[in-house]
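Asker: Pasting the sequence and the predicted model now:
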Amino acid sequence: MKLSSIALFFALVGVGAHAVADDANAPAATSQPPVESYAYGMKLDIQKIISITDTADQCGPVPTQMTYEDSQGKRHVMQYQIMGTGCSNG
């Protein structure tokens with residue numbers, strides 16, 4: 001009985017240590033670049049669009065964000081204004 005308890009203990013410690021090691025690497029992989037605000041006339045180097053947030057259901061200008069990679073492979077997040085989809089008369 002004691003031998004099986006010790007084996008179970010070491011098995012759980014091994015799984016727990018592996019889970020902690022995976023969590024330690026997770027923040028580096030999911031870190032987001034700082035959000036840049038778009039200004040009219042800015043020169044953008046967009047090689048690949050990763051994602052664009054959904055447009056808000058409001059009438060009028062609403063903020064949205066685009067995540068993209070430039071020609072060097074660096075990831076950027078750009079915030080800009082677009083017209084919302086909540087206007088009922090056009």
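Answerer: Looks like it arrived, so ask away.

Asker: For residue 83, which non-adjacent residue is closest in space?
Answerer: Distances taken as C-beta to C-beta, 6 or more residues apart in numbering place residue 61 nearest to residue 83, at 6.2 Å, with adjacent residues excluded. From N, CA and C alone the C-beta is placed, and that goes for glycine too.

Asker: Distance-wise, check that neighbour relative to residue 67.
Answerer: 20 Å (C-beta to C-beta, to the nearest Å).

Asker: how does the chain divide up, domain by domain?
Answerer: With domains defined by automatic domain parsing, the chain comprises 1-31, 33-90.

Asker: picking up where we left off before, these two touch, right, the residue nearest to residue 83 and residue 82?
Answerer: Yes. Counting by C-beta atoms under 8 Å, residue 61 does reach residue 82; the two are 7.0 Å apart.

Asker: returning to that earlier point: comparing the domains of the chain by mean pLDDT, which bottoms out?
Answerer: Ranked by mean pLDDT, the domains of the chain end with domain 1-31 at the bottom, a mean of 56.

Asker: What are the boundaries of the helices in this structure?
Answerer: Taking DSSP state H as the criterion, the chain contains helices spanning 2-30.

Asker: Now for residue 75: which residues touch it?
Answerer: With contact set as C-beta atoms under 8 Å, 6 or more residues apart in numbering, residue 75 has these partners: 33, 50, 67-69.

Asker: Distance-wise, check it relative to residue 60.
Answerer: Taking C-beta to C-beta as the measure, residue 75 falls 30 Å from residue 60.

Asker: repeat for residue 38
Answerer: Separation of residue 38 from residue 60 (C-beta to C-beta): 18 Å.

Asker: neighbour count winner among these two?
Answerer: residue 38 (13 against 10; other C-beta atoms under 10 Å).

Asker: Verify the stated contact: residue 35 with residue 65.
Answerer: Yes. Between residue 35 and residue 65 there is a contact at 6.7 Å, judged by C-beta under 8 Å.
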